[in-house]
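A.B. asks: Sequence first, then the predicted structure:
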Amino acid sequence: MRLTSAALLLQLQLLGQEVTASSAGGWGPRKFTSLVTFGDSYTDETRFSYFATHNNSAPPVGWIEPDANISSSGGLTWPHYVSLQHEQHINRYNYAVAGATCSNEIIARPYNNETGYLFPSVLEYQVPAFTADAHYTDPSTHQPFVTRPADETVYALWIGTNDLGNNAFLTDSQLNNSTLVDYVDCVYRVLDGVYNATTSSLLGDKDGDDKGGKAKYFVLMNVVPLQLAPLYATPENGGVGPNNYWKDKPANLTEISGRMQGQVVLVNEAFRYRTPVETLMNRRWPGVKVAVMDVYSLISEIYYHPTQYLNGSAPANVTGFEYHCDVNGQNCGKLDSPDSFLWFDQLHPSERTDQIIAEEFLKVVNGESRFAEYWS
């Protein structure tokens, strides 16, 4: 017999497990010193730029990503702000790649139609890249490249924008008869890969003291309300027609927005109810505490209560965006007062929004966020 969502939560409560955020205080590490991130352009700083400028070659093992303020937000990314806003230094290991999907076996997106090069995915590229770095020792210092004590490290995954968008599920462009269930499965397979990498015997931990870096904290960030982003919004909410992200976009903007909303809500509900099953009932990642960060609700709150969050010199703007280009991605320009915008361009959150996400992420790690549910 299949359990309803309510019945599932009741069963978990009867098992005496934590099923809400109300009693999650102190969920994360007491000392938070390392953040390992996976995802797409919402998280990437310069990793995709390396691919684009090195003939699609991946960065070498032990590559140190340079700091940059030219990300998809128009400035620094949310992981960078997590480090800046935290009371102590945080080592950042960012494997996110702009344009990435969860798996190229489900959604394969070429970034160069002439060469056929695909955006490196999370499952096939990012997890192996992290695994290689986790096993790498710097020959000059004889120290592990990835410094991530188990009790001080949080692993975060934020993926879905490209999987659900145009040239993907939204336009029925998926491969191998894949469904949204396959995408959700892929997300948990990514967490499997991270967990397996950190529990590998190659990482040490021979004395059972977790010095080898066994994962203890996962944060799964759900999908933002893409139906509110100008690329997918309805006309009355600032939705745009053909543009540099979707040159042949059809005119049925309302239908597009409605379908996107349905996809996003469906997968986010899947994350909400499947995560406790995998964590508590299936014990898929023994010893790991998992938080689902509800970025959907956080962005929605900014959208519907903008004056509480956006602090530019101009009035708050949640339907427009700061950075405008023509349909070919040329003749670009920025509007004034960037901190007034929820969106940087048609698809990406602004730098001010990334600051807000970082603030809330730190609350998630501390077990204090009303935009998270915790499972352990």
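C.D. replies: Arrived safely, thanks for sending.
A.B. asks: rest of the way, CA atoms for contacts and neighbours
C.D. replies: Noted.
A.B. asks: Could you give the number of residues near residue 180?
C.D. replies: Residue 180 is flanked by 18 other residues according to other C-alpha atoms under 10 Å.
A.B. asks: isn't it right next to residue 265, touching?
C.D. replies: No. Look at residue 180 against residue 265 with C-alpha atoms under 8 Å: they stay out of range, at 11.5 Å.
A.B. asks: Just the C-alphas of the host helix or strand of residue 262, formatted as PDB.
C.D. replies: Using DSSP states H and E, residue 262 maps to helix 253-276. Taking Å, rounded to 0.1, in the frame of the first residue of the first chain, the C-alpha atoms of helix 253-276 are listed here in PDB:
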ATOM      1  CA  LEU A 253       3.700  33.200 -22.200                       C
ATOM      2  CA  THR A 254       0.800  32.400 -19.800                       C
ATOM      3  CA  GLU A 255       0.800  28.700 -20.800                       C
ATOM      4  CA  ILE A 256       4.600  28.500 -20.400                       C
ATOM      5  CA  SER A 257       4.400  30.100 -17.000                       C
ATOM      6  CA  GLY A 258       1.700  27.800 -15.800                       C
ATOM      7  CA  ARG A 259       3.500  24.700 -17.000                       C
ATOM      8  CA  MET A 260       6.700  25.800 -15.300                       C
ATOM      9  CA  GLN A 261       4.900  26.400 -12.100                       C
ATOM     10  CA  GLY A 262       3.500  22.900 -12.200                       C
ATOM     11  CA  GLN A 263       6.900  21.400 -12.700                       C
ATOM     12  CA  VAL A 264       8.600  23.300 -10.000                       C
ATOM     13  CA  VAL A 265       5.900  22.700  -7.400                       C
ATOM     14  CA  LEU A 266       5.900  18.900  -8.200                       C
ATOM     15  CA  VAL A 267       9.600  18.400  -7.900                       C
ATOM     16  CA  ASN A 268       9.800  20.500  -4.700                       C
ATOM     17  CA  GLU A 269       7.100  18.400  -3.100                       C
ATOM     18  CA  ALA A 270       9.000  15.300  -4.100                       C
ATOM     19  CA  PHE A 271      12.100  16.700  -2.300                       C
ATOM     20  CA  ARG A 272      10.100  17.500   0.700                       C
ATOM     21  CA  TYR A 273       8.500  14.100   1.200                       C
ATOM     22  CA  ARG A 274      11.100  11.800  -0.300                       C
ATOM     23  CA  THR A 275      14.100  13.300   1.600                       C
ATOM     24  CA  PRO A 276      12.900  12.000   5.000                       C
END
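A.B. asks: how about the helices in the stretch 151-300 of the chain?
C.D. replies: Ranges of helices in the stretch 151-300 of the chain, per DSSP state H, counting those that start in this stretch, are 161-164, 180-198, 253-276, 295-304.
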